[in-house]
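K.L.:
what follows is a predicted protein model with its sequence.
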Amino acid sequence: MWLNEDKIIDSAIYAYRESLLNSIPNYIVIDNLFDITKLDEVVAVLHQAHCWQAQTHTYSALYVDDVQWQNTSMDERFVQRDVWQRQAHSNSSAYSNIAREFLSFLRGDELMSLLSRIFNVQLTDINVAKPEINTNYFRLGAADFVNQHADDSPGRAVCMLLYLNKEWKNNTGGELVFIGKEDDSIDIAPLYNRCVLFDPSSKGSEHWVKETTSENTNKYRYNVTSWYWSE
């Protein structure tokens, strides 16, 4: 069981819904939504260095190669990070496979039904060509960045960020920042087992990630990002 039962009872879902509707952007933060023992096992897999690959995006083109990246000006670059490679564990042990099992759970009926209830929208992968590429692990090192952008692709109804950073300290960088209402930005620390859910089409939902400070230059900032579409 991946979810903590006390976080998904009817009264909790009602509270999430109310908070979502009364915030700008429409977002909620749920701490300890997932079972900590299982997440600990996932994190152990993510700390293996061989299963990561650099990923870069520009504002004009996603998934650019090294040549395109080098020919793009700094102000046109918006993502530099590492993405987890599923195939690195395709034939590995059951221990390692737990990371892939969690990704499958995040696109499964149980979680999508929960998110559908919270956001009052029917989420489905029926029209998504490659659902698996819309849920994955990412990590940011000291030289990496996620600059201001919007996740409001057509039909995308929910974005989820789950942080997997054990013993991450407040005020040492790496916060998610929403542009918020009238540029009154909202900072959210990437604490362990903290889940951020938001409507990417809502006002003020453009966001970025703060650079890590010198205290965290030897650490990676880990998270799961998952995007969901409505019918």
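P.N.:
That came through fine.

K.L.:
in this protein, where is pLDDT below threshold?
P.N.:
88-96, 214-218 (pLDDT under 70).

K.L.:
residue at max distance from the center of it?
P.N.:
N71 (28.1 Å; Cα atoms, centre = their mean).

K.L.:
now it: how far from Q55?
P.N.:
17 Å (Cβ to Cβ, to the nearest Å). C-beta here means a position set from N, CA and C on the backbone, and glycine is covered the same way.

K.L.:
so V158 lies in a strand, does it not?
P.N.:
Yes. V158: assigned to a strand according to DSSP: H, G, I helix; E, B strand; the rest coil.

K.L.:
ok, now how distant is it from I126?
P.N.:
The spacing between V158 and I126, counted by Cβ to Cβ, is 15 Å.

K.L.:
got it, and N223?
P.N.:
Noted for N223: a distance of 27 Å to I126, by Cβ to Cβ.

K.L.:
and the two? which has more neighbours close in?
P.N.:
Remark: of N223 and I126, N223 carries more neighbours, 25 against 8, as counted by other Cβ atoms under 10 Å.

K.L.:
my guess is F178 is in a strand, correct?
P.N.:
Yes. The assignment for F178 is a strand, going by three-state DSSP.

K.L.:
these two touch, right, it and D184?
P.N.:
No. Taking Cβ atoms under 8 Å as the definition, F178 is not a contact partner of D184, at 9.6 Å.

K.L.:
more crowded one of these two?
P.N.:
Taking other Cβ under 10 Å, F178 and D184 do not tie; F178 has more neighbours (22 against 10).

K.L.:
grab the nearest non-local neighbour of the more buried one.
P.N.:
In space, and not counting its chain neighbours, F178 is closest to I186: 4.4 Å by Cβ to Cβ, 6 or more residues apart in numbering.

K.L.:
so what's that neighbour up against?
P.N.:
Y27, V177, F178, G180, G204 (Cβ atoms under 8 Å, 6 or more residues apart in numbering).

K.L.:
hmm, which two among the residues you listed are most spread apart?
P.N.:
Distance extremes for those: the farthest pair is Y27 and V177 at 11.9 Å, using Cβ to Cβ.

K.L.:
neighbour-wise, which of the two wins?
P.N.:
Applying other Cβ under 10 Å to Y27 and V177 shows that Y27 carries more neighbours, namely 24 against 16.

K.L.:
who touches that one in this structure?
P.N.:
L20, F178, I186, V196, L197, F198, D199, S202, S205.

K.L.:
how far away is the second one from V224?
P.N.:
When distances are taken as Cβ to Cβ, F178 and V224 turn out to be 18 Å apart.

K.L.:
now do the first one
P.N.:
Distance of L20 to V224, given as Cβ to Cβ: 20 Å.

K.L.:
between those two, which one's more packed in?
P.N.:
Taking other Cβ under 10 Å, L20 and V224 do not tie; V224 has more neighbours (23 against 19).

K.L.:
wait, that one sits on L162?
P.N.:
Yes. Here V224 reaches L162: they are 4.3 Å apart, a contact under Cβ under 8 Å.

K.L.:
next helix or strand past the helix or strand hosting I186?
P.N.:
Per DSSP states H and E, I186 falls inside strand 184-188. With elements assigned by DSSP H and E, the helix or strand that comes after strand 184-188 is strand 194-198.

K.L.:
how big is the angle separating that following strand from strand 184-188?
P.N.:
If you take axes from the mean of the first three to the mean of the last three Cα atoms, to 10 degrees, strand 194-198 sits at 140 degrees to strand 184-188.
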